[in-house]
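Participant: Give me a model of this one.
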Amino acid sequence: MTTTTGMPVLQVSDLRVTYYTDAGRTRAVDGVNLTLYAGERLGLVGESGCGKSTMALALMRMIKPPGRIETGSVLVGPAGDQVDTLKLTEQQMLQARLSRIAYIPQGAMNSLNPVMKIQSQMIDAMRAHNVKGDHDELVRRAEVALESVELRRTVMRMYPHELSGGMKQRVCIAISILLSPKVIIADEPTSALDVVVQRQVMETICRVQEKLGAAVILIGHDMGLMAQITNRVAVMYAGKLVELSTVREMFTNPLHPYAQALISSLPNLENKGVFQSIPGLAPSLLRLPNGCTFHPRCKYAMDVCKTLAPPQSVTPSGRYVFCHLYDREGNRVQQPAVAGNGNAPHQKVPVAEN
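Facilitator: Alright, predicted model coming up:
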């Protein structure tokens, strides 16, 4: 399994994204800090509306009004060649996309232009980034990119509607790696594919990542996929990161009560037909509860949870958790009586060695 001792290629500090609406101000991403290392695969999980996709768009600086990136920095690149994408001009950011940081959007197979052949779309992407070379050189570069995702060169002469869903997804991956980015963000890249094609697409992403030495952020809801593909898992809730752990630690010993509830909700062969749900609903970002945003749904909630936001705890192994149950070093300091909401203890899930 890849460790986090390599060179950082993405450093996110105090990232905050706000949407201004007629109903009020919403904090979609609230003070996120994150470091990603070369060759690493990070899973970003959480319920719908927790801020995962907004965070991805903010990293790409693709937030549109009424959204606004309020504060923070996003350093992309290895030491000595870092740029803060939030400080770039629009033209500079246009060049940084694909060359430094690439994005495979949710429903990427529908992002291809339906009236342009694949070759034209790939060449247009390279010309937009001032890639040197004549037409034939750009065609050869596109062919290499397609072959790296196991597609034949003949795909270049086809229109998107002539390709299957899995093939279109791999074309999008090929476009994202044309300029050898250091960071690749994949926002639920397999959500519209059957399980066999899902596996093929994820193997393609992993193989391409290893070839480039890039880092990948995989956004999704499929916890089983995260267990098999990622090295670390970050859990988001109501715009905040609540826990960041290695994949093995997350699935065998989650610390945050929300992470525990997510793991407990997975199907269990030992208890067939028994399903554990997380009580309540995620809060509206317009009306977040005081203190810890998860406390209305937490079986361990204490009085302090209702008034004070939890501080960051860092364990000796480098795990991050934001919860009043732990001290600054990640040691359990509170053992409250469980209020009782029907949740069973978390289960252990088989984790593949990466």
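
Participant: what residues does stretch 48-56 touch?
Facilitator: For stretch 48-56, contacts defined as Cβ atoms under 8 Å, 6 or more residues apart in numbering pick out 15, 17, 28-30, 32, 44-46, 63, 67, 103, 106, 185, 187, 217, 219, 221, 236-240, 282, 285. Backbone N, C-alpha and C define where each C-beta goes, glycine included.

Participant: The closest residue to Ala142 other than its chain neighbours: what's it in contact with?
Facilitator: The shortest distance from Ala142 to any residue other than its chain neighbours is 4.1 Å, reached at Met122 (Cβ to Cβ, 6 or more residues apart in numbering). With contacts taken as Cβ under 8 Å, 6+ apart, Met122 has the following neighbours: Leu138, Ala142, Ala145, Leu146, Met156, Ala174, Ile175, Leu178.

Participant: I'd like the residues you listed laid out as JSON lines, including pLDDT, neighbour count and distance to Met93.
Facilitator: Shown next, in JSON lines, are the contacts of Met122 (pLDDT from 0 to 100; neighbours: other Cβ atoms under 10 Å; distance: Cβ to Cβ, whole Å):
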{"residue": "Leu138", "pLDDT": "95", "neighbour count": "20", "distance to Met93": "23"}
{"residue": "Ala142", "pLDDT": "95", "neighbour count": "24", "distance to Met93": "23"}
{"residue": "Ala145", "pLDDT": "94", "neighbour count": "24", "distance to Met93": "22"}
{"residue": "Leu146", "pLDDT": "95", "neighbour count": "24", "distance to Met93": "26"}
{"residue": "Met156", "pLDDT": "96", "neighbour count": "21", "distance to Met93": "28"}
{"residue": "Ala174", "pLDDT": "94", "neighbour count": "26", "distance to Met93": "22"}
{"residue": "Ile175", "pLDDT": "94", "neighbour count": "25", "distance to Met93": "18"}
{"residue": "Leu178", "pLDDT": "92", "neighbour count": "21", "distance to Met93": "17"}
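
Participant: Low-confidence bits of the protein, can you list those?
Facilitator: Using pLDDT under 70 as the threshold, the predicted model of the chain has low-confidence ranges 1-5, 108-109, 269, 271, 273, 334-354.

Participant: Now do the strands for the stretch 251-354 of the chain: every range, in order, please.
Facilitator: In the stretch 251-354 of the chain, strands defined by DSSP state E, counting those that start in this stretch lie at 312-314, 320-322, listed in chain order.

Participant: Let me know which of those strands is tucked in deepest.
Facilitator: Burial among the strands of the stretch 251-354 of the chain, expressed as mean neighbours by mean count of other Cβ atoms under 10 Å, is greatest for strand 320-322, which shows a mean of 22.

Participant: What helices and strands are in contact with that strand?
Facilitator: Under the contact definition 3 or more Cβ pairs under 8 Å, 6 or more residues apart in numbering; DSSP states H and E, strand 320-322 sits against strand 240-246, strand 312-314.

Participant: will you turn these into TSV that also has distance to Leu75?
Facilitator: Written out in TSV, the entries for the helices and strands packed on strand 320-322 read as follows (distance: least, Cβ to Cβ, whole Å):
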stretch	distance to Leu75
strand 240-246	17
strand 312-314	20
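
Participant: and the gap between the residue most central in space within the chain and Ile184?
Facilitator: For the chain, the residue nearest the mean C-alpha position is Ile219 (3.4 Å; Cα atoms, centre = their mean). Remark: distance between Ile219 and Ile184 (Cβ to Cβ, to the nearest Å) = 11 Å.

Participant: go on, Phe275?
Facilitator: When Cβ to Cβ is applied, the distance between Phe275 and Ile184 equals 34 Å.

Participant: Between these two, which is the more surrounded one?
Facilitator: The neighbour count for Phe275 versus Ile184, taken as other Cβ atoms under 10 Å, is higher for Ile184 (23 against 10).

Participant: Please tell me I have it right and that one contacts Gly213.
Facilitator: No. Ile184 sits out of contact with Gly213 when judged by Cβ atoms under 8 Å, with a separation of 11.3 Å.

Participant: how many neighbours does the residue nearest to Arg153 when sequence neighbours are not counted have?
Facilitator: Sequence neighbours aside, Glu143 is the residue nearest to Arg153 in space, at 4.8 Å (criterion: Cβ to Cβ, 6+ apart). Using other Cβ under 10 Å, the number of residues around Glu143 comes to 18.

Participant: I'd like the distance between Glu143 and Arg232.
Facilitator: Using Cβ to Cβ, Glu143 is found at 34 Å from Arg232.

Participant: now Arg207
Facilitator: Using Cβ to Cβ, one obtains 20 Å as the distance from Arg207 to Arg232.

Participant: A helix includes Val235, no?
Facilitator: No. With DSSP: H, G, I helix; E, B strand; the rest coil as the criterion, Val235 is strand rather than part of a helix.

Participant: Fine by me, thanks again.
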